[in-house]
Each structure stands twice: as C-alpha cells, then as structure tokens.
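1. below are the sequence and a predicted model for it; my questions follow.
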Amino acid sequence: MNKKGQSLIFGIMLLFFALIIVTIIIAPMVEVIDMARDTDHLNCTSPLLSTGTRATCLIIDIYLPYFVATALFLGGGYLVAQKVRKNL
C-alpha cells in the first residue's frame, strides 16, 4: 500500500478513536448536567427563576450538543487538512 493510502487509513482510525472517546465521555457529562439542573442546585424547572439562573440553565442545556459538534468538526477538519496537505 502506498503512503497516501496509509495516511488516509490512519486518519480514519483517528476519527473513529475520537468518536469512541466522545461517546465514552457523553455519559458522565449527561449525569453532571442533570445534577446541575436538579432541584437541589439550579432548580431549572421552577417557574420563579431569575434571568441569570435561566441563562445558566440554557447554557448548561446546550453544552452537550456543542461538545459533540466540536468533536465531530475537529475530527473532520483533521481529515480534510490531511487531504489538502497531501495534495499541495
């Protein structure tokens, strides 16, 4: 196998490794997010929240999708950067 094919396979292996790591990290992150939102801490389900507490609840809610999207974009960006670097 030539060097170009080996680097592509290596990049795909790194992408799958990153996806596995992200998948492993998601479960503890969900637990921390649920713990932060429960009635003992932020109490995000209460209708009597201040604006700052509502904003904090919103930021905590959107943290996990941003984390997953960032991990996917970094993995994809690495593969694209490798492909572009090899073509130059």
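-> Yep, that arrived. Numbering: from 1, shown residues only.

2. need the pLDDT of the closest residue to Q82 other than its chain neighbours.
-> Distance criterion C-beta to C-beta, 6 or more residues apart in numbering; nearest residue to Q82, sequence neighbours excluded, is G11 at 5.0 Å. Where C-beta positions appear, they are placed from N, C-alpha and C, glycine not excepted. Per-residue pLDDT puts G11 at 74.

3. could you check how many residues crowd around G11?
-> Per other C-beta atoms under 10 Å, the neighbour tally for G11 reads 18.

4. what helix or strand is it on?
-> Using DSSP states H and E, the element containing G11 is helix 3-37.

5. list the buried residues in that helix.
-> Residues G11, L15, A18, V22, A36, R37 are the ones in helix 3-37 that count as buried (16 or more other C-beta atoms under 10 Å).

6. got the angle for the helix or strand where R85 lies vs helix 3-37?
-> Per DSSP H and E: R85 is located in helix 51-87. Taking axes from the mean of the first three to the mean of the last three C-alpha atoms, to 10 degrees, one finds that helix 51-87 is oriented at 170 degrees with respect to helix 3-37.

7. which secondary structure elements does helix 51-87 contact?
-> Secondary-structure packing of helix 51-87 (3 or more C-beta pairs under 8 Å, 6 or more residues apart in numbering; DSSP states H and E): helix 3-37.

8. and N43, backbone torsions?
-> When read as degrees, to the nearest 10, the backbone of N43 gives phi 50, psi 60.

9. next one: the nearest residue to it once chain neighbours are set aside from T39, what distance?
-> Nearest residue to N43 in three dimensions, chain neighbours excluded: L49, at 7.4 Å (C-beta to C-beta, 6+ apart). Applying C-beta to C-beta, to the nearest Å, the value for L49 to T39 is 12 Å.

10. who has more neighbours, those two?
-> Remark: of L49 and T39, L49 carries more neighbours, 15 against 9, as counted by other C-beta under 10 Å.

11. on the three-state scheme, that one is what?
-> Assigned by DSSP: H, G, I helix; E, B strand; the rest coil, the conformation of L49 is coil.
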